[in-house]
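*Asks:* the following block contains a protein sequence and its predicted model.
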Amino acid sequence: MKQILFVDDEPNVLDGLRVLLRKYRHEWSMEFALGGPQALALLADRAFDVVVTDLRMPGVDGLTLLKHLREHHPQTIRIVLSGDPERTTALAAVPHAHQSLTKPCRAGEIEGVLARASVLGALIGDPEVRAAIGRLDELPSLPATYARLVRVFEDEQSCTADVAEVVGSDLAVTAKVLQLANSAFFGSGRQVTSVAQAIPLMGWETVKTVTLTTELFAARGMPATIRKFAGALHEHSSVVALLASALVDEPDRSEAFAAGMLHDVGRLVLASIVPDEMKTTDAADTQQTIHAKVGAYLLGLWGLPPAVIEAVARHHGPELPASSSRVAEAVALAEHIAEATTEDLCPTVEAVAEMQRVVRQHVRARSNESS
């Protein structure tokens, strides 16, 4: 049974959770801690798969508890459940929490989040890998993105589309913005699958803070080998995103583009965990073997849409089941096309345009056959 710990300083909140989740008592082993000190005492004696905590609590607050979990229990999935409306508090929790929910939750929301969190461990069987992922706060971003964003934000003529173009061009920043936009602190109750949707919901200042901080801290001290690797990976992901979005109809294009941009995020995670071992054969084999699951695991922790997570987990199909979504199929095919048509991770603009032309012809032919 999955071990889940709920932490809050209000007894009524804990009682409400007990009643709400009682029907899951045969699936989850649940403990309820009245405040941070009691939670730390429980954590000293046993490990939990998931911890759900309030932020504002006397004595040991939620942020302190989240930091403790990240340092001492990195394999634990960390979820915030708070009624605090202040965005500054939410931003402070971002590097330490995998997902954020607000009180009161919508019907079925917390149950769904816990159910998804409970099955994520099946993606990564090695507890040491899960722990290494749990210690991550930011993914490496490309240094060039920082300079581009500064110019956009300083230009009085800039609009949301200009910001979205820069943010959406960077793998790590895209992941962080979508993570936040899909959290209850900044979301609108619906899944956000594109940066263009996320920016109006979050506001320019929040996007600016999150994006520039991600870029600044990720780039500091980054070895040249990882910068080069991240640059090549960014270019390859952009190609796959463009191809995947061309393979689906309009309603699925934003999800296909997001999934294409993020499909190799697991490689970036593994490079962050073992940067000194990137050049070894064993490390390369490991990345090829598990990076899709690692990426899906991280995006699942962050609460990204299921279609994006599935596409990331399965982008090296042919093992795609018949029930796979159109987005997962498109990303897997786009990855195959990109790998088959270029030996480099960084194809030329002309090569990308040609690949898109071939893909669109394929889509049109498929549509004509079905009609």
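*Replies:* Received, thanks.
*Asks:* A311 contacts F257, correct?
*Replies:* No - look at A311 against F257 with CB atoms under 8 Å: they stay out of range, at 10.8 Å. In this view, the C-beta of every residue, glycine as well, is placed from N, C-alpha and C.
*Asks:* between those two, point out the one with more neighbours.
*Replies:* For A311 versus F257, neighbours defined as other CB atoms under 10 Å are more numerous around A311 (35 against 29).
*Asks:* for the more buried one, which residues are in contact?
*Replies:* Contact analysis of A311 by CB atoms under 8 Å, 6 or more residues apart in numbering lists 244, 255-256, 259-260, 263, 325, 327-328, 330-332.
*Asks:* tell me how far it lies from V177.
*Replies:* Using CB to CB, to the nearest Å, A311 is found at 18 Å from V177.
*Asks:* then P37?
*Replies:* P37 is 35 Å from V177, by CB to CB.
*Asks:* over to L66?
*Replies:* For L66, the distance to V177 - CB to CB - is 21 Å.
*Asks:* compare those two (neighbour count), which wins?
*Replies:* Neighbour count, other CB under 10 Å: between L66 and V177, V177 has more, with 27 against 22.
*Asks:* now the more buried one: which helix or strand?
*Replies:* helix 171-181 (DSSP states H and E).
*Asks:* could you do V152 as well?
*Replies:* Using DSSP H and E, V152 sits within helix 143-154.
*Asks:* what lies in contact with the helix or strand that comes right after that helix?
*Replies:* Counting by DSSP H and E, the next helix or strand C-terminal to helix 143-154 is helix 160-167. Residues outside helix 160-167 that contact it (CB under 8 Å, 6+ apart): 145, 148-149, 152-153, 155, 173-174, 177, 194-196, 199-200, 204, 207, 211.
*Asks:* and for stretch 66-80?
*Replies:* Residues outside stretch 66-80 that contact it (CB under 8 Å, 6+ apart): 40, 43, 47-55, 62, 90, 93, 96-101, 113-114, 117, 120, 127, 130-135, 137, 301.
*Asks:* residue ranges for the strands of the chain, please.
*Replies:* 2-8, 28-34, 50-53, 77-82, 99-102 (DSSP state E).
*Asks:* closest to R18 out of those strands?
*Replies:* strand 28-34 (6.4 Å; CB to CB).
*Asks:* quickly run through the sheet partners of the closest one, with directions.
*Replies:* strand 2-8 (parallel) (DSSP bridges).
*Asks:* where are the low-confidence patches of the stretch 151-300 of the chain?
*Replies:* Scanning the stretch 151-300 of the chain for pLDDT under 70 picks out 184-189, 212-222, 274-289.
*Asks:* again, only this time at 50
*Replies:* Where the stretch 151-300 of the chain drops to pLDDT under 50, the residues are 219, 277-285.
*Asks:* ranges for the helices of the stretch 101-250 of the chain?
*Replies:* Assigned by DSSP state H, counting those that start in this stretch, the helices in the stretch 101-250 of the chain fall at 109-120, 127-135, 143-154, 160-167, 171-181, 195-202, 204-219, 224-246.
*Asks:* what angle sits between the longest one and helix 171-181?
*Replies:* Going back to what we said before, that points to helix 224-246. With axes from the mean of the first three to the mean of the last three CA atoms, to 10 degrees as the basis, helix 224-246 and helix 171-181 are set at 60 degrees to each other.
*Asks:* what helices and strands are in contact with helix 224-246?
*Replies:* helix 171-181, helix 253-262, helix 265-273, helix 326-341, helix 349-370 (3 or more CB pairs under 8 Å, 6 or more residues apart in numbering; DSSP states H and E).
*Asks:* make it 10 Å
*Replies:* For helix 224-246, the elements it packs on are helix 143-154, helix 171-181, helix 204-219, helix 253-262, helix 265-273, helix 326-341, helix 349-370, judged by 3 or more CB pairs under 10 Å, 6 or more residues apart in numbering; DSSP states H and E.
*Asks:* thought A307 was touching Q191?
*Replies:* Yes - under the criterion of CB atoms under 10 Å, A307 makes contact with Q191 at 8.7 Å.
*Asks:* now do stretch 7-23, average pLDDT.
*Replies:* Mean pLDDT, computed over stretch 7-23, is 94.
*Asks:* start to end distance for it?
*Replies:* Counting by CA to CA, to the nearest Å, you get 19 Å between the two ends of stretch 7-23.
*Asks:* got it, and stretch 99-117?
*Replies:* So stretch 99-117: terminal residues 10 Å apart, CA to CA.
*Asks:* how far out from the middle of the chain is that stretch?
*Replies:* Taking CA atoms, centre = their mean, to the nearest Å, one finds the center of stretch 99-117 at 17 Å from the center of the full chain.
*Asks:* list phi and psi for the spatially closest residue to L66 that is not a sequence neighbour.
*Replies:* Distances taken as CB to CB, 6 or more residues apart in numbering place H96 nearest to L66, at 3.8 Å, with adjacent residues excluded. Main-chain dihedrals, H96, degrees, to the nearest 10: phi -110, psi -20.
*Asks:* and the residue nearest to R46 when sequence neighbours are not counted, what does it touch?
*Replies:* The shortest distance from R46 to any residue other than its chain neighbours is 7.1 Å, reached at Q3 (CB to CB, 6+ apart). Q3 is in contact with 28-31, 46-51, 76, 118, counting by CB atoms under 10 Å, 6 or more residues apart in numbering.
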